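K.L.:
below are the sequence and a predicted model; questions follow.
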Amino acid sequence: MQSAVQTQPAAAAASLIEARELAKHFPGVKAVDGISFGVRPGQCFGLLGPNGAGKTTTLEMLEGIQTPTSGQILFRGQPLGAAFREAIGIQFQATALQDFQTVGESLAMFARLYRRTADRDELIRLCNLSEILDRDTRKLSGGQRQRLLLAIALVNDPQLVFLDEPTTGLDPQSRRNFWSLVETVRARGKTILLTTHYMEEAERLCDEIAIVDHGHIITQGVPRTLVREHFPPAVVRLPADAWPADEPLPDYARRGEHEIELHTGEVQVGLEHLERIGAGLTALRVETPSLEDLFLKLTGHSLRA
Ligand SMILES: Nc1ncnc2c1ncn2[C@@H]1O[C@H](COP(=O)(O)OP(=O)(O)OP(=O)(O)O)[C@@H](O)[C@H]1O
């Protein structure tokens, strides 16, 4: 499946799974074009990017489902081998479940595929499935279906779990519930590699992210740190006419057509200044820059689908 690999013990020891210069080219499309990153044991690592960025293709190469055009994948420092299948769990973006099966039967069917399985009752409790165990899988809500698919991904008690856009299409409440569930899974020591195009999801769940666009990683790091490296911590905005006409603007302020922005290291400094000069505070807003702003700054286009 892969070309001969030169293992590098130091790097391999740090990463549970590692991608080196991975590429996947389809006729006319470089879906993934030289992506390298490593996921450490116990980490939740996210590939964040818009639709078509190459996240699923990257994930599927790491899962051993798609063959890379070039590049290497190492699991525990070695090329993917027979033990890899037993050590991973996958929640696909779209999974067809067997018709006329209940949630419980579906879990049992997947469990039979493995030699080693997680404790069934604990899995049911963890994924909050007890009340829907006897329900036909065709009758599940979006959130219930995703919880079942996560349970299926965990059925072999894997060390590494792949989640491909696990909350796409869920309502905000179900999405938050699913996030709590992922946090619990992680707290139990699982390593998680997920893809998402929701920056809130990446910010909440991921210790580290790689932002992907057009098959490339454009930046990588701890979400909050990445944002801090590119933006001041917060921007205070107020309507231009709320600033007293005879007051000069401080260095850290910018006057736009309709608004004045204060870019201070400390929001408190800006607020105290406004109070001192008697500025109108009714329409004041404090905005914290996000991964969305970072993506826009780095690519010139929006992350939103
Ligand atoms: N089998 C294929 N044949 C041809 N092109 C493909 C194939 N699979 C993916 N692509 C193309 O490769 C690019 C990356 O697709 P991919 O599904 O990896 O992106 P993604 O970031 O996961 O997007 P999404 O969030 O929509 O799933 C897209 O332009 C897609 O159309």
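P.N.:
Thanks, I have it.
K.L.:
now the phi/psi pair for the residue sitting furthest away from the middle of the chain, please.
P.N.:
In the chain, counting by Cα atoms, centre = their mean, D246 sits farthest out from the average C-alpha position, at 47.9 Å. D246 adopts backbone torsions of phi -90, psi 10, taken as degrees, to the nearest 10.
K.L.:
extract the C-alpha set from the longest helix seen in the chain and format it as CSV.
P.N.:
Identified as the longest helix of the chain according to DSSP state H is helix 172-187. Taking Å, rounded to 0.1, in the frame of the first residue of the first chain, the C-alpha atoms of helix 172-187 are listed here in CSV:
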residue,chain,number,x,y,z
PRO,A,172,-27.0,23.0,17.9
GLN,A,173,-28.2,21.2,21.1
SER,A,174,-27.3,17.7,19.7
ARG,A,175,-24.0,19.1,18.5
ARG,A,176,-23.2,20.3,22.0
ASN,A,177,-24.2,16.9,23.5
PHE,A,178,-22.0,15.2,21.1
TRP,A,179,-19.1,17.4,22.0
SER,A,180,-19.5,16.4,25.7
LEU,A,181,-19.5,12.8,24.6
VAL,A,182,-16.2,13.2,22.6
GLU,A,183,-14.7,15.0,25.7
THR,A,184,-15.6,12.0,27.8
VAL,A,185,-14.1,9.6,25.3
ARG,A,186,-10.9,11.6,25.3
ALA,A,187,-10.8,11.7,29.1
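K.L.:
tell me which other helices or strands that helix touches.
P.N.:
helix 120-126, helix 142-153, strand 191-196, helix 199-205 (3 or more Cβ pairs under 8 Å, 6 or more residues apart in numbering; DSSP states H and E). (C-beta placed from N, C-alpha, C; glycine too.)
K.L.:
go again using 7 Å as the cut-off
P.N.:
Counting contacts by 3 or more Cβ pairs under 7 Å, 6 or more residues apart in numbering; DSSP states H and E, helix 172-187 packs against helix 142-153, strand 191-196, helix 199-205.
K.L.:
run the angle between it and helix 142-153 for me.
P.N.:
20 degrees (axes from the mean of the first three to the mean of the last three Cα atoms, to 10 degrees).
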